[in-house]
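Student: Okay, structure incoming, though there's no sequence with it:
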């Protein structure tokens, strides 16, 4: 007991960054701690808390970036996280959006009642000035009785002042007020301290209007998404064909074969490291050696597309375009038991399913989270998998790739429609603030892209290499035949694929990209490749996504979700076989 | 009249909100509260949501919720 007590005493002081969604808490966090976190221009970027360390006068202090919340009565899982964190705080930095001062005050008044010292950062102070909003800081300090510091977190303005005044943070002696009383008080405060000059619609606001009006917004969205897609494909292929592939084939390949041959000219070790030669030559896509395919798949076939995807995603996020897409797709998503916000998990999921699954936390009900997580796991292939599908099917023509993705889109709609009917619970409507468009900052964009690419390199690449190693073990040990025979009724009898394809389904649990790559040496027909790639997308999530989904949905719901996945895979596989193979 | 009846470009004053405490709080913390002027920016087809503007900030709101917001056209 006494030991535990001692540990508690030694615990660092905790500073919480709290505020409404999309007020710049994460930017603040990066400023204070120097640690990088993903910041974007839409509400709900941070769905979990992040801890960082800051030194104040030489003393180490914990700083915690808390998900945004509009009040202390949470309406979704991300807000629940925020309210739970509150109990742990020693000081609260309440980040307030000065351009949305009035509606942000509600949370401020609630926080002032918590008996935790509060200091207020009046953030986006520059934007407020541009908008003709003026807030009398001195007067506000007098009324609220806590320090108020105007800040611009993106440029760092005011952040030093805030830190230097942290010890002035206090919990004013206020008597708890009812909700109605708070609203009356807010009205009075705003009248006293805020003046707004009338001004005309700016260009960015006119663009904003055009992107949410259906007549103009939908064509704009189609063009934007088409351009993004074209950019990723064109530049990606260019980098692969002109730089990476020639480098691997002309320089790296001969060199590594030479190195391995010098100590293992043949035998198991040679085959594991370099792989099987195809027609007497090393084939980076098919040889399946740890040092050949194990590096070629992640660095040549996948990395260019992952990087470009994250660059484009970051751009759309920072400009503030994602909420506009949510507005435009809301009508459709409502038919699926979801609402427009669910598009965020699809878009993030197209990069990697893990952040996609986490972002279901911004949905309000269990039903919505279940539907969107299940649809994500079934119908949304991650960029690594997509890149491999393009890699193996592209050579036969774009039409085959279209079949895979049309099937997945159709399935998303159909399955959502069915789940909406069958799953009990509420599906509330879309209700979300649409942030103003912002000019993206190149440095921040590059940093964010690098953070995401780095997490791919650190978290995914080792598993790709492990996957290739497991493929080798499956073949060398003969386990592939045993598994093939076990799964033959499904793989051969039902899906019309050769029995070795069972290996891909096993490895797919670890890494989908490696699994898609495993299809190549099997000599499948293009249509069989279509069926197998679609199956790999649908049948089960990869282990990383699986673990996150268990945490997000709970074991019971995840079990239900898995049953749906496998059932859907079998049904769709059977149908595709009938249509595409005609047998 | 309720908010869902307004056409894009029209502005009205919010007179009242109908619903439970949680619902009202939800609206107010996103700026939709009594006495404010609200402008319709866009209306998505087939019963889709409305994009509205209050205090210079745009918010998207489902048609069902809009029906519970009572306004007086200006």
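Tutor: That came in fine, so what should we check first? Keep in mind that what you see is a predicted model, and the values were worked out from it rather than measured.
Student: Quick check, the residue in chain B closest to chain A?
Tutor: residue B:62 (2.4 Å; Cβ to the nearest Cβ). From N, CA and C alone the C-beta is placed, and that goes for glycine too.
Student: Can you name the residues that contact residue 44?
Tutor: Since you didn't name a chain, this refers to chain A. A:21, A:22, A:67, A:68, A:78, A:341, A:344, A:359, A:361, A:362 (Cβ atoms under 8 Å, 6 or more residues apart in numbering or on different chains).
Student: try again with chain B
Tutor: Per Cβ under 8 Å, 6+ apart, neighbours of residue B:44: A:214, A:327, A:328, A:330, A:331, B:50, B:51.
Student: Can you tell me which of the residues you listed is closest to residue A:418?
Tutor: residue A:331 (18.5 Å; Cβ to Cβ).
Student: Helix or strand: which one has the closest one?
Tutor: helix A:322-334 (DSSP states H and E).
Student: Identify the residues contacting that helix?
Tutor: Counting by Cβ under 8 Å, 6+ apart, A:40, A:42-43, A:208, A:211-212, A:214, A:217-218, A:221, A:316, A:339-344, A:347, A:413, A:416, A:427, A:429-430, A:432-435, B:42, B:44-49, B:51, B:60, B:62 sit against helix A:322-334.
Student: What of stretch A:121-136?
Tutor: With contact meaning Cβ under 8 Å, 6+ apart, stretch A:121-136 is reached by A:19, A:23-24, A:28, A:93-99, A:101, A:137, A:148-153, A:155, A:157-158, A:162, A:192-199, A:436, B:56.
Student: got the residues of chain A near chain B?
Tutor: A:20, A:70-71, A:73, A:75, A:99-100, A:102-103, A:106-107, A:131, A:179, A:183, A:208-209, A:212-214, A:217, A:323, A:326-328, A:330-331, A:334, A:339-340, A:428-434, A:436 (Cβ under 8 Å from any Cβ of the partner chain).
Student: List buried residues within these.
Tutor: Taking 16 or more other Cβ atoms under 10 Å in any protein chain shown as the criterion, what is buried in the residues of chain A next to chain B is A:20, A:70-71, A:75, A:99-100, A:102-103, A:106-107, A:131, A:179, A:183, A:208-209, A:212-214, A:217, A:323, A:326-328, A:330-331, A:334, A:339-340, A:428-434, A:436.
Student: Now do the phi/psi pair for residue A:120.
Tutor: phi -110, psi 130 (degrees, to the nearest 10).
Student: Okay, now stretch A:466-486: how far is its last residue from its first?
Tutor: Using Cα to Cα, to the nearest Å, the span of stretch A:466-486 from its first residue to its last is 24 Å.
Student: Which parts of the stretch 151-300 of chain A are strands?
Tutor: Assigned by DSSP state E, counting those that start in this stretch, the strands in the stretch 151-300 of chain A fall at A:194-196.
Student: and residue 42, backbone torsions?
Tutor: You didn't say which chain, so I picked chain A. Torsion angles at residue A:42 (phi, psi; degrees, to the nearest 10) stand at phi -160, psi 150.
Student: meant chain B, my bad for not saying
Tutor: Per degrees, to the nearest 10, the backbone of residue B:42 is at phi -150, psi 160.
Student: show me what contacts it?
Tutor: A:209, A:212, A:213, A:214, A:217, A:327, B:8, B:50, B:51.
Student: isn't the first one right next to residue B:39, touching?
Tutor: What that stands for is residue A:209. No: in this structure residue A:209 lies outside contact range of residue B:39 using Cβ atoms under 8 Å: 10.3 Å.
Student: Was I right to think residue A:271 contacts residue A:469?
Tutor: No: using Cβ under 8 Å, residue A:271 is not in contact with residue A:469; the gap is 11.7 Å.
Student: on that earlier part again, helices - which of the buried ones among the residues of chain A next to chain B land there?
Tutor: Using DSSP state H, the subset of these located in helices is A:102-103, A:106-107, A:179, A:183, A:208-209, A:212, A:214, A:217, A:323, A:326-328, A:330-331, A:334.
Student: Shouldn't residue A:15 be within a strand?
Tutor: Yes: counting by DSSP: H, G, I helix; E, B strand; the rest coil, residue A:15 is found in a strand.
Student: Pretty sure it sits against residue A:62.
Tutor: Yes: Residue A:15 is within contact range of residue A:62, at 6.7 Å (criterion: Cβ under 8 Å).
Student: ok, those two, which is more surrounded?
Tutor: residue A:15 (25 against 18; other Cβ atoms under 10 Å in any protein chain shown).
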